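> Sequence unavailable; structure follows:
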């Protein structure tokens, strides 16, 4: 069995995966690490996890790491050298990578006899061609500081693309897909033959779609403008765009379920937030359709993508002339294929399972 860990700054999400029996295995979440009323540190949290697992035979540990930079284009067995590189990459993902690194260090201490594997959200997007991954800034500056489009949600996108191919009963290598991972974080990815060729997130997870608390695409002059006219330093601007923008900034809440409820009740702010959210998705669908040339399927996944029929319908509205349509009854029932029979482009709802994907990648590398 493989222990999968997703460690944040103050939490550890865990799952034990038996690849022979995907439905089996313990899972849970330990929160408030280092806070009053919680466990003191990640080592104590991991000890609590392992105590709860009892006699479970852990063969390897897979760790979710958000940003691998240009160094890691595939999962990596963790040793001291890999940890040193991960520490050096912290500036690329200061909100995400430190927790992952702390989780690795605590887990290696608690489970020193098994292999530990870092699985990177960015790795799936290493196949994006230079024309799509390169920002039009000074070349020397970009190379010196590793500034390029990396993309995220890659573990989910790769898994979902494979499951969509199985659902459609077609070889993955023959399919052109747009994967819409819509959760509190949200991204769109163009997938050709199982390989990422473009994605909405960039150097960081801030770029692209409207998210729960993140702005997504924004005129890059806005931070300098706010610094000039509002007196906000760049740390304050970054905090605003990361934690107080998106749905939260537009409507005061970051949960799409609440947005939908308020919209139905006539709340104009919620209605606008919904419209902005869906407009941005539709815009990326159009852009990535152009990137791919031929489009075989659009795949919705993650919390909002899997459970919000209104978002799916609105995001793809008006695209009938492109062969993209949503069947109202199938969508309302959240069936796996929600497009009408005979549609040129299939529209699918495919549940993601990042922990299972991490376990598969871990096993392939060390077992």
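Noted; the coordinates are in hand. Since this is a predicted model, take the numbers as computed values, not measurements. Residues are numbered from 1 along each chain as shown.
> mind listing the helices for the stretch 201-350 of the chain?
With DSSP state H, counting those that start in this stretch applied, the stretch 201-350 of the chain shows helices at 222-229, 234-243, 246-251, 256-264, 268-292, 302-307, 309-315, 328-332, listed in chain order.
> For this protein, list the residue farthest from the centre, please.
Computed with C-alpha atoms, centre = their mean, the residue of the chain farthest from its C-alpha average is residue 229, at 33.8 Å.
> give the contact list for that residue.
By C-beta atoms under 8 Å, 6 or more residues apart in numbering, the contact list for residue 229 is empty. All C-beta atoms are positioned from the backbone trio N, CA, C, and that covers glycine.
> least trustworthy helix or strand in this protein by mean pLDDT?
In the chain, the helix or strand scored least confidently by mean pLDDT, DSSP states H and E is helix 42-53, which has a mean of 86.
> Quick one: distance of that helix to the chain centre.
26 Å (C-alpha atoms, centre = their mean, to the nearest Å).
> follow-up on the earlier one: can you add mean pLDDT and distance to residue 363 and give the helices of the stretch 201-350 of the chain back as CSV?
What follows is the helices of the stretch 201-350 of the chain, written out as CSV (pLDDT from 0 to 100; distance: least, C-beta to C-beta, whole Å):
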stretch, mean pLDDT, distance to residue 363
helix 222-229, 97, 43
helix 234-243, 94, 34
helix 246-251, 98, 36
helix 256-264, 97, 34
helix 268-292, 98, 31
helix 302-307, 97, 24
helix 309-315, 98, 33
helix 328-332, 98, 35
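> out of the ones you listed, which comes closest to residue 48?
helix 302-307 (26.3 Å; C-beta to C-beta).
> how close does the residue farthest from the centre of the chain get to residue 237?
12 Å (C-beta to C-beta, to the nearest Å).
> How many residues are close by residue 348?
Number of residues near residue 348 (other C-beta atoms under 10 Å) recorded here: 21.
> List the beta-bridge partners for it.
residue 299, residue 337 (DSSP bridges).
> ok, it touching residue 338?
Yes. Counting by C-beta atoms under 8 Å, residue 348 does reach residue 338; the two are 7.2 Å apart.
> Please identify every residue contacting each of those two.
By C-beta under 8 Å, 6+ apart, no residue touches both residue 348 and residue 338.
> Enumerate every residue touching the spatially most central residue of the chain.
Among the residues of the chain, the one closest to the centroid is residue 153, at 2.8 Å (C-alpha atoms, centre = their mean). By C-beta under 8 Å, 6+ apart, residue 153 lies in contact with 121, 181, 185, 187, 189, 201, 302.
> surely the last one meets residue 159?
It refers to residue 302. No. Using C-beta under 8 Å, residue 302 makes no contact with residue 159, being 11.3 Å away.
> what residues do those two have in common as contacts?
Common neighbours of residue 302 and residue 159 (C-beta under 8 Å, 6+ apart) are residue 352.
> Could you point out which residue ranges in the stretch 1-150 of the chain have low pLDDT?
55 (pLDDT under 70).
> Going by residue numbers, what spans are strands in it?
2-7, 12-17, 27-30, 60-65, 76-77, 115-120 (DSSP state E, counting those that start in this stretch).
> returning to what we had before: mind checking the helices of the stretch 201-350 of the chain for the one nearest to residue 355?
helix 302-307 (13.4 Å).
> which other helices and strands contact the closest one?
Judged by 3 or more C-beta pairs under 8 Å, 6 or more residues apart in numbering; DSSP states H and E, the packing partners of helix 302-307 are strand 176-182, helix 309-315.
> neighbouring contacts of it?
In contact with helix 302-307 (C-beta under 8 Å, 6+ apart) are residues 153, 156, 180-184, 186, 256, 300, 311-312, 334, 349-352.
> Just give the nearest non-adjacent residue to residue 177, would you?
residue 191 (4.4 Å; C-beta to C-beta, 6 or more residues apart in numbering).
> which ones are touching that neighbour?
By C-beta under 8 Å, 6+ apart, the neighbours of residue 191 are 157, 161, 175-179, 197.
> so how far is the helix or strand hosting it from its chain's centroid?
In this assignment (DSSP states H and E), residue 191 forms part of strand 186-192. Distance of strand 186-192 from the chain centroid (C-alpha atoms, centre = their mean) equals 10 Å.
> who does the very next helix or strand once past that strand pair up with?
Later in the chain than strand 186-192, the nearest helix or strand by DSSP H and E is strand 195-199. Sheet partners assigned to strand 195-199 using DSSP bridges are listed as strand 186-192 (antiparallel).
> average model confidence for the strand it pairs with?
Across strand 186-192, the average pLDDT comes to 98.
> tell me the angle that strand makes with helix 256-264.
110 degrees (axes from the mean of the first three to the mean of the last three C-alpha atoms, to 10 degrees).
> Strand 186-192 to strand 176-182, inter-axis angle?
170 degrees.
> tell me the angle of strand 186-192 relative to helix 268-292?
20 degrees.
> re earlier: closest one to residue 85 among the helices of the stretch 201-350 of the chain?
helix 234-243 (24.4 Å).
> since we're on residue 115, how many residues are nearby?
17.
> Any figure for the gap between the closest residue to residue 330 other than its chain neighbours and residue 323?
Nearest residue to residue 330, sequence neighbours excluded (C-beta to C-beta, 6+ apart): residue 338, at 4.4 Å. Using C-beta to C-beta, residue 338 is found at 14 Å from residue 323.
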